[in-house]
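>>> return a 3D structure for these sequence lines:
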Amino acid sequence: MHTEIVRLRKRWKESVTLRNILLLYGEIAFIGILNGTIGTYLGIFAIRLGASNTLIGLISSLPALITVLLMYPASQLVNSWENKIEINKWTFLFTRILYIPLAFVPYLPNPPFFILLTVTLLAIPATSANIAFNVMFIDLIPSYLRATILSNRNMLLMFIQTATSTLVGYLLDKTRFPMNFQIVMLIGFIASMVSLYFMTFLKPVRKIPKEKIRFIDWKMIISSIYTQFKDIINIFKQDQSFKMFQFATFIFYLGLYIPMPLFGIRMVRELGFSNFIIGLTSTSSGLAMALSYLFWNKIGRKVGVRNALFWSNVGIAFYPLIFVMLKNPSEIISLSVLGGFFSAGFSIFMYMALLIFLPAEKKAEYLAINGIISNMSLTIGPIIGTQLSNIIGLPSVFFIGTAVRIIGTYLYLKTIPKE
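Okay, the predicted model is just below:
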């Protein structure tokens, strides 16, 4: 036993890749707590503070608009910063420090508006952080391990997120408002800082020679805010297959985001669900996701990325239509299980499909374009959904969401190459 421990310690010290993988598991565990607190309940917090349907839509849309405007310049910054681990840590620090004000919004005039302001400001550093993490992940993890590490991280994330959201939902109903939500916001902030602490121990797989450290051209990065769409058009002209993939992404994500803010609105205002029941819908979905990753990994190896993404997207497409037909908490929780099952496949194979289109020399730019396109959908989708709900009612909007998702699924099937 002692010999085995010594061998493992030696392997830990000698293998930078192994150490990085374990640290990435550690940091995602605390992101599970962040998602189970702020990620799950921030929208519910805003609704219970009296936010209008329009403002709930803007809480999703305005940060996405910031991302659309800054994603490409952020990719230029990430490309210029040779040490991807370093920029990853700094951008996440500036992102997560902005979770603190969320705990104090009830003391301010017009609290829902302050939530909107906070999440919009938070989106500025988060844009660079998300690109930096994806590029760093590709650099740290060998290609043959990426799908396994990704699914393991997602599985761990969802187990912890579901446990957290269930416990938090119970405690929210047992503690008076708004102190209950304030405590939840603080817990989310602390978890995000612990996750960042794990990231500080990540090490580059290869040493970066001093002569390779490039000067960051801030003037060029700032000017790219204005030139980015011209650059994107040029990339689309040169890479038609990537352009069609992004068109499919825009349509499918539009279908995802049109009904997105309406799920919480319906559960709180129409169905009168408690915080605990709302938490259980998130819990059941997350638990199903966590248990499904291994299944989808096997399916992916059998049928390939294209076909696996198709079947997962079909399941996601019909979720809004079925949701609006149900009223009983147990029925909606059961539907959330199915939604989580198909979402697990989508999260794996959407990422794997994107990797098919990434050229080695322009990973950051292509990741940025993918982020811009999906966030364009997130910018306009919730606004379309909330405004349409005021005109034609919630049921019709959920039906539209399903129809657009089906169209997007068909476009993915036409765009992604057969293995």
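
>>> for D239, what are phi and psi?
D239 has phi and psi values of phi -130, psi 90 when expressed as degrees, to the nearest 10.

>>> from R306, how far off is it?
18 Å (C-beta to C-beta, to the nearest Å). (Glycine included, C-beta is placed from N, CA and C.)

>>> hmm, L62 is touching L122, no?
No - using C-beta atoms under 8 Å, L62 is not in contact with L122; the gap is 10.6 Å.

>>> which SSE is M352 in?
For M352, the host element (DSSP states H and E) is helix 329-356.

>>> scratch that, Q246 is what I was asking about
Per DSSP H and E: helix 240-257 holds Q246.

>>> how many degrees apart are the helix holding M352 and helix 240-257 in direction?
Going by axes from the mean of the first three to the mean of the last three C-alpha atoms, to 10 degrees, helix 329-356 is angled at 170 degrees with respect to helix 240-257.

>>> so which elements touch helix 329-356?
helix 143-174, helix 275-317, helix 319-323 (3 or more C-beta pairs under 8 Å, 6 or more residues apart in numbering; DSSP states H and E).

>>> run through who's touching stretch 401-419.
The contact list for stretch 401-419 (C-beta atoms under 8 Å, 6 or more residues apart in numbering) reads 241, 244-245, 247-249, 251-256, 258-259, 304-306, 309-310, 313-314, 316-321, 353, 356, 385.

>>> of all the helices and strands packed on helix 329-356, which one is nearest N375?
helix 275-317 (18.6 Å; C-beta to C-beta).

>>> in the strand or helix carrying V404, what's buried?
For V404, the host element (DSSP H and E) is helix 394-415. Of all the residues in helix 394-415, those buried under the rule 16 or more other C-beta atoms under 10 Å are 394-395, 397-398, 400-402, 404-406, 408-413, 415.

>>> can you tell me how far T227 sits from G272?
50 Å.

>>> so the two - more neighbours on which side?
Each of T227 and G272 has its neighbours counted (other C-beta atoms under 10 Å); T227 has more, 13 against 8.

>>> quick check: mean pLDDT of the strand or helix carrying that one?
Assigned by DSSP H and E, T227 belongs to helix 218-238. The predicted model gives helix 218-238 an average pLDDT of 74.

>>> likewise for stretch 62-79?
The model assigns stretch 62-79 a mean pLDDT of 79.

>>> hey, C-alpha coordinates of it in PDB?
Taking Å, rounded to 0.1, in the frame of the first residue of the first chain, the C-alpha atoms of stretch 62-79 are listed here in PDB:
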ATOM      1  CA  LEU A  62     -27.900  42.500 -22.700                       C
ATOM      2  CA  PRO A  63     -24.900  40.400 -21.400                       C
ATOM      3  CA  ALA A  64     -25.200  38.400 -24.700                       C
ATOM      4  CA  LEU A  65     -25.100  41.700 -26.700                       C
ATOM      5  CA  ILE A  66     -21.900  42.700 -24.800                       C
ATOM      6  CA  THR A  67     -20.400  39.300 -25.700                       C
ATOM      7  CA  VAL A  68     -21.300  39.800 -29.400                       C
ATOM      8  CA  LEU A  69     -19.500  43.200 -29.500                       C
ATOM      9  CA  LEU A  70     -16.400  42.000 -27.500                       C
ATOM     10  CA  MET A  71     -16.000  38.400 -28.400                       C
ATOM     11  CA  TYR A  72     -13.800  38.900 -31.500                       C
ATOM     12  CA  PRO A  73     -11.500  41.600 -29.800                       C
ATOM     13  CA  ALA A  74     -11.300  39.200 -26.800                       C
ATOM     14  CA  SER A  75     -10.100  36.500 -29.100                       C
ATOM     15  CA  GLN A  76      -7.300  38.800 -30.400                       C
ATOM     16  CA  LEU A  77      -6.300  39.500 -26.800                       C
ATOM     17  CA  VAL A  78      -6.200  35.700 -26.000                       C
ATOM     18  CA  ASN A  79      -4.200  35.000 -29.100                       C
END
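
>>> run the chain-centre distance for that stretch.
15 Å (C-alpha atoms, centre = their mean, to the nearest Å).

>>> what angle sits between the helix holding Q246 and helix 275-317?
Using the same axes, to 10 degrees: helix 240-257 against helix 275-317 is 140 degrees.

>>> quick check: mean pLDDT across the very next helix or strand once past helix 240-257?
Using DSSP H and E, the helix or strand that follows helix 240-257 in sequence is helix 260-265. Mean pLDDT, helix 260-265: 86.

>>> what residues does helix 260-265 touch?
So helix 260-265 is in contact with 43-44, 47, 53, 56-57, 59-60, 278, 323, 381-382, 385-386, 389, 394, 397-398, going by C-beta under 8 Å, 6+ apart.

>>> so after the worst-scoring helix or strand of the chain on mean pLDDT, what's the next helix or strand?
None of the helices or strands of the chain scores lower by mean pLDDT, DSSP states H and E than helix 2-14, at a mean of 53. On the C-terminal side of helix 2-14, the nearest following helix or strand under DSSP H and E is helix 16-34.
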